[in-house]
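J.: Below are the sequence and a predicted model for it; my questions follow.
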Amino acid sequence: MGGWMRNRHCCICRVLIRIHPPIFNMPKCPKCQKEVYFAEKVTALNKDWHKACLKCAKCNKVLTAGKFLEHEGTPYCEKPCFGAMFGPGGFGHGGTESHKY
């Protein structure tokens, strides 16, 4: 079974799970600090995230790997959040919504 646990015993060595040392060192999501399994991970900013945890820090929109911008290690959606917060200021910059948050 490839090392997955069943019946509270390790499938590899048959030791009880509660006394077994950890076999897998699963990465932790930087947002929720829970383990990220392969089927639910997205890699961004050199870290593994849950797909639902990779969100814009301003508007909470779920982001796709490679389809966002970052500032100081924090992900933001490209439009309008990143542009409004960190783009050029003043009249005519940032589209029709030329304002700061």
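T.: Yes, it's here. Numbers count the residues shown, from 1 in each chain.
J.: residue ranges of the strands in the protein, please?
T.: For the chain, the strands defined by DSSP state E occupy 41-44, 47-50, 69-71, 74-76.
J.: Just the CA atoms of the first one, as CSV, please.
T.: Extracted C-alpha coordinates of strand 41-44, given in CSV (Å, rounded to 0.1, in the frame of the first residue of the first chain):
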residue,chain,number,x,y,z
LYS,A,41,-0.8,21.2,-3.3
VAL,A,42,0.1,24.1,-5.4
THR,A,43,3.7,25.4,-5.3
ALA,A,44,4.1,29.2,-5.2
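J.: Remind me what that strand packs against, helices and strands.
T.: The contact analysis (3 or more C-beta pairs under 8 Å, 6 or more residues apart in numbering; DSSP states H and E) places strand 41-44 against strand 47-50. For glycine as for every other residue, the C-beta is placed from the backbone atoms N, C-alpha and C.
J.: for the second one, same thing?
T.: With contacts defined as 3+ C-beta pairs under 8 Å, 6+ apart, the packing partners of strand 47-50 are strand 41-44.
J.: ranges for the helices of this structure?
T.: Secondary structure of the chain (DSSP state H): helices at 83-86.
J.: Contacts made by stretch 40-59 with the rest, please.
T.: 27, 29-32, 34, 36, 61-66, 68, 70, 73-77, 81, 85, 101 (C-beta atoms under 8 Å, 6 or more residues apart in numbering).
J.: Please repeat the previous calculation with a cut-off of 10 Å.
T.: 26-39, 61-78, 80-82, 84-85, 101 (C-beta atoms under 10 Å, 6 or more residues apart in numbering).
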